[in-house]
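[1] Need a 3D model of the sequence below.
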Amino acid sequence: MINTSDSQFQLWRAAFAVAYADGKLADAERNFLSQWIAKQNFTDDQKKTLAKELMQPAPLDSIIPLITEPRARGHLVYITRLLCHADGVVVPEEKDILKKLNDHAMAKADLAKAMRDAAAIEQEIEAANPSPIKQWWDALLHKL
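    Model (predicted):
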């Protein structure tokens, strides 16, 4: 199994900080984090840091810049949204964090590159598995 990248590790540190946004860690939030964390392959040092920060998280604003991979930034927004709803109550502090993280993820997004990547993936899939509808359409156009 591949170790968790630094950017992915930082997203989990940020998730801990988000969980404490309202000043406490609810059981639902703790369970949510535990289930997701168990699926990761952290190094021993990363595990030590997370164990410490589960009790006293680092400030979110100091962690956000360390999340450099676009995929990790998007994953953080997704995880944060789930985490904020885990206890059934989204407090104003959590709403503010969601907006901040979403703005950060979108500010760094290269939408043109994302569209090019999506088009390239679509072409690869189509080349490997041409759809019957497209084949029919191409045949029809060829006859015209």
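[2] can you list contacts of stretch 68-84?
    5, 7-8, 10-11, 14-15, 18-19, 21, 29, 32-33, 36, 67, 90, 94-95, 97-98, 101-102, 104-105, 108-110 (C-beta atoms under 8 Å, 6 or more residues apart in numbering). To be clear about C-beta, it is placed using only N, CA and C from the backbone, and glycine gets the same treatment.
[3] In that stretch, which residues are buried?
    Buried residues in stretch 68-84, defined by neighbour count with 16 or more other C-beta atoms under 10 Å: 72, 73, 74, 75, 76, 77, 79, 80, 81, 83, 84.
[4] Now, of the contacts of stretch 68-84, which are buried?
    Using 16+ other C-beta under 10 Å, the buried ones in those are 7-8, 10-11, 14-15, 18-19, 21, 29, 32-33, 67, 94, 97-98, 101-102, 104-105.
[5] Tell me which entries of the contacts of stretch 68-84 lie within strands.
    For those, not one is inside strands, with DSSP state E as the criterion.
[6] Next step: the residues you listed restricted to helices.
    7-8, 10-11, 14-15, 18-19, 29, 32-33, 36, 94-95, 97-98, 101-102, 104-105 (DSSP state H).
[7] so which of the buried residues of stretch 68-84 comes closest to residue 45?
    Using C-beta to C-beta, residue 72 comes nearest to residue 45 of the buried residues of stretch 68-84, at 18.2 Å.
[8] would you put the C-alpha positions of the host helix or strand of the closest one in CSV?
    Here residue 72, judged by DSSP states H and E, is contained in helix 70-86. Presented in CSV, the C-alpha positions along helix 70-86 are these (Å, rounded to 0.1, in the frame of the first residue of the first chain):
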residue,chain,number,x,y,z
PRO,A,70,-5.8,20.0,-6.2
ARG,A,71,-7.3,16.6,-5.6
ALA,A,72,-6.6,16.9,-1.8
ARG,A,73,-8.1,20.4,-1.7
GLY,A,74,-11.3,19.0,-3.4
HIS,A,75,-11.3,16.0,-1.0
LEU,A,76,-11.0,18.3,2.0
VAL,A,77,-14.1,20.3,0.9
TYR,A,78,-16.0,17.0,0.5
ILE,A,79,-14.8,15.6,3.8
THR,A,80,-15.5,18.9,5.6
ARG,A,81,-19.0,19.0,4.2
LEU,A,82,-19.7,15.5,5.5
LEU,A,83,-18.0,16.2,8.8
CYS,A,84,-20.0,19.3,9.4
HIS,A,85,-23.2,17.4,9.0
ALA,A,86,-22.0,14.3,11.0
